[in-house]
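Participant: sequence plus predicted model, see below.
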Amino acid sequence: MKTSFNIGNKKYNFNLDSRDNKGTFEVEFDLAGRKDITGTGDAVKVIRTVYNGLLNAVNQNKDIKRIEFSSLKSEQSRVKLYTTLMNSVAKKLGWETDVWESNNFIAPEKSSYDFEITK
C-alpha cells in the first residue's frame, strides 16, 4: 500500500509493504523523500496520521499479522516517537510489541532499533 498525505503545505509519503507470505508488513514514511521528519515541527501530527492509517490498514486487511519499522539509534527523538507509535497501535489492537537493537560494528552510525507489533 502506497499513499501520501499532507500536513500544512508538506507532502508525506506512506508505504506499507508486505515482506513475506506470513503477514509481515514494513512501514516507511517520509517527507518528500526525507526520512528525518523530526525538526519539521509536525512530528506529532505525522505520527498521529500514521497511527490512524495503520489502524485503518489492519482493519481492512486481515492478512496483516506483524508490522515492523526501524529508526537509527542516533535519532533519539525519532526513537521516542516510534516507541509511542508502537505502544499506541499495539494497545489499540491488543497486539504484542518488541524492540531489537541492531548494532552495525562496521558503521556504528547505521546501528538501529527495530520495532515490531505482532498479532
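Facilitator: Ah, there it is.
Participant: buried stuff in stretch 78-93?
Facilitator: Within stretch 78-93, the residues that count as buried by 16 or more other CB atoms under 10 Å are 78-79, 81-82, 85-86, 88-90, 93. Placement of C-beta: from N, CA and C, glycine included.
Participant: show me what whichever strand or helix holds residue 11 pairs with in its sheet, parallel or antiparallel.
Facilitator: In this assignment (DSSP states H and E), residue 11 forms part of strand 10-18. The strands beside strand 10-18 in its sheet (DSSP bridges) come out as strand 2-7 (antiparallel), strand 24-31 (antiparallel).
Participant: contacts for it, please.
Facilitator: Contact partners of strand 10-18, identified using CB atoms under 8 Å, 6 or more residues apart in numbering, comprise 1-6, 24-33, 37, 40, 42, 46, 49-50, 53-54, 57, 67.
Participant: show me which of the residues you listed are buried.
Facilitator: Buried members of the contacts of strand 10-18, scored by 16+ other CB under 10 Å, are 5, 24-25, 27, 29-31, 37, 42, 46, 49-50, 53-54, 57, 67.
Participant: what sits against residue 94?
Facilitator: Here residue 94 is in contact with no residue (CB under 8 Å, 6+ apart).
Participant: return the distance of it relative to residue 5.
Facilitator: For residue 94, the distance to residue 5 equals 26 Å [CB to CB, to the nearest Å].
Participant: now residue 92
Facilitator: Counting by CB to CB, the gap from residue 92 to residue 5 is 19 Å.
Participant: can you redo the strands paired with strand 10-18 as CSV with mean pLDDT?
Facilitator: Converted to CSV, the strands paired with strand 10-18 look like this (pLDDT from 0 to 100):
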stretch, mean pLDDT
strand 2-7, 92
strand 24-31, 91
